[in-house]
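1. no sequence on this one, just coordinates:
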């Protein structure tokens, strides 16, 4: 039940003071905050501390869930952009071919089409 106290266990955490500080995501509270005496009731401040920690963990979980949704959407937007760019360059190749302007411009446009299609494939 009780462990040997170390300096790390006695260090004050600033996570509650500034919850947006980098590196707080994996910070764990010392074991001394989790020891419970089954014969005594939990003090109100300890219960409040548990509630605050739970709410912070829930908020962190919600932010990561939202980030996951956003990342999927951003990837879809990126693929759509690559597809759109390839279609625009393909349209330019047909337009230059129609104008009998075969040559450097057409070759460049086809290379751009290939590049954008490759990016689209890699994004899949």
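-> The structure has been received and is ready for your questions. Only a predicted model underlies this, so the values are computations on that prediction, with no experimental measurement involved.
2. only C-alpha atoms for contact and neighbour calcs from this point on.
-> Fine.
3. I'd like the next helix or strand past the one helix or strand residue 59 maps to.
-> Using DSSP states H and E, residue 59 sits in helix 44-98. Later in the chain than helix 44-98, the nearest helix or strand by DSSP H and E is helix 104-123.
4. buried ones in that following helix, by neighbour count?
-> Residues 106, 109, 110, 111, 112, 113, 116, 117, 119, 120 are the ones in helix 104-123 that count as buried (16 or more other CA atoms under 10 Å).
5. nearest to residue 74 among the residues you listed?
-> residue 120 (13.5 Å; CA to CA).
6. you'd agree the closest one is up against residue 83?
-> Yes: counting by CA atoms under 8 Å, residue 83 is a contact partner of residue 120 at 6.2 Å.
7. before we move on, the earlier item: could the buried residues of helix 104-123 go into CSV alongside pLDDT and distance to residue 65?
-> As requested, the buried residues of helix 104-123 are arranged in CSV below (pLDDT from 0 to 100; distance: CA to CA, whole Å):
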residue, pLDDT, distance to residue 65
106, 82, 46
109, 88, 41
110, 90, 40
111, 93, 39
112, 94, 36
113, 94, 36
116, 95, 31
117, 95, 31
119, 95, 27
120, 94, 26
